[in-house]
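Student: Okay, here's the prediction I keep looking at, along with the sequence it came from:
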Amino acid sequence: MVRFTVFLPFFLLVFSNASVSASDLPEELKACRVIDDVEQRVTCYDAIVDGDVESQVAEMVDELVEERIEESIEERVEERAEQRAEEIVQARAAGEKPSDFGLPPEPIDKTTKEVTSPVVAVSYSLRDKVTVILENDQVWRQTDSARLRVKAGDTVVVSKGMFGAHFLKKVDENRRIRVKRLE
């Protein structure tokens, strides 16, 4: 019992001081643990042991943050430059100029709403879809399933519809078919 009473005050004195510094220690260790570079991490741990913890750890953490920000900015700039170069290459491969990239093509003639021309040749597919060659060398193929009998020599009108659609009909008839220009 005598031993216990002698060592108890000494034990409390030594370990109560250690527990106060130990409460600060985990935060400082966590700050050092974030550092990726081995030499900088060891220097951080040495600073904790030497006692000049707050200033050295703060400096190291600030340096680390600045390095990571610079690396992040450099990576973003490189990625954006690579993306832009790839967009330009794709645009040139598609025959577009980089300044025209993403813009819709300009229509050749905005005022022309319909074309009237005699039919030179007609062919029908297995599914009864018609392909018409006009006198002005335009070739039109039917895209819908409506029926319209056209023969060589008939005069037809190709007119614009909404949303880029085109329709072909015989002159003096109301029946029309939807067509797409091939040539």
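Tutor: Good, I have the coordinates.

Student: so S159 sits in a strand?
Tutor: Yes: according to DSSP: H, G, I helix; E, B strand; the rest coil, S159 belongs to a strand.

Student: Could you give the bridge partners of it?
Tutor: Beta-bridge partners for S159, by DSSP bridges, are E114, F167.

Student: Work out for me the element the most centrally placed residue in the chain sits within.
Tutor: With distances taken as Cα atoms, centre = their mean, the residue of the chain nearest its centroid is Q83 (9.2 Å). Assessed by DSSP states H and E, Q83 sits inside helix 53-93.

Student: Same question for D128.
Tutor: With DSSP H and E as the criterion, the answer for D128 is that it lies in no helix or strand.

Student: who's in contact with it?
Tutor: For D128, the contact set (Cβ atoms under 8 Å, 6 or more residues apart in numbering) comprises R147. Glycine gets a C-beta too; all of them are placed from N, C-alpha and C.

Student: again, only using 10 Å
Tutor: Neighbour list for D128: Q142, S145, R147, R149 [criterion: Cβ atoms under 10 Å, 6 or more residues apart in numbering].

Student: Helix or strand next in line after the helix or strand hosting E28, which one?
Tutor: Counting by DSSP H and E, the element that carries E28 is helix 2-33. With elements assigned by DSSP H and E, the helix or strand that comes after helix 2-33 is helix 38-50.

Student: Next, count neighbours for I35.
Tutor: Neighbours of I35 under the rule other Cβ atoms under 10 Å: 19.

Student: For it, which non-adjacent residue is spatially closest?
Tutor: Spatial nearest neighbour of I35, excluding adjacent residues (Cβ to Cβ, 6 or more residues apart in numbering): R41 at 4.4 Å.

Student: ok, how many other residues are close to the one you found?
Tutor: Burial measure for R41: 16 neighbouring residues, criterion other Cβ under 10 Å.

Student: Ok, V171 next?
Tutor: Neighbours of V171 under the rule other Cβ under 10 Å: 10.

Student: which residues touch it?
Tutor: Under the criterion of Cβ under 10 Å, 6+ apart, the contact partners of V171 comprise T116, P118, D154, T155, V156, V157.

Student: Of those, just the buried ones, ChimeraX syntax please.
Tutor: Only the buried entries of these go into this ChimeraX selection, using 16 or more other Cβ atoms under 10 Å:
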select :156,157
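
Student: can I get the contacts of V171 in TSV with secondary structure, distance to A165 and pLDDT?
Tutor: Below are the contacts of V171 laid out as TSV (DSSP: H, G, I helix; E, B strand; the rest coil; distance: Cβ to Cβ, whole Å; pLDDT from 0 to 100):
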residue	secondary structure	distance to A165	pLDDT
T116	strand	18	92
P118	strand	23	93
D154	coil	21	92
T155	strand	21	94
V156	strand	16	94
V157	strand	14	93
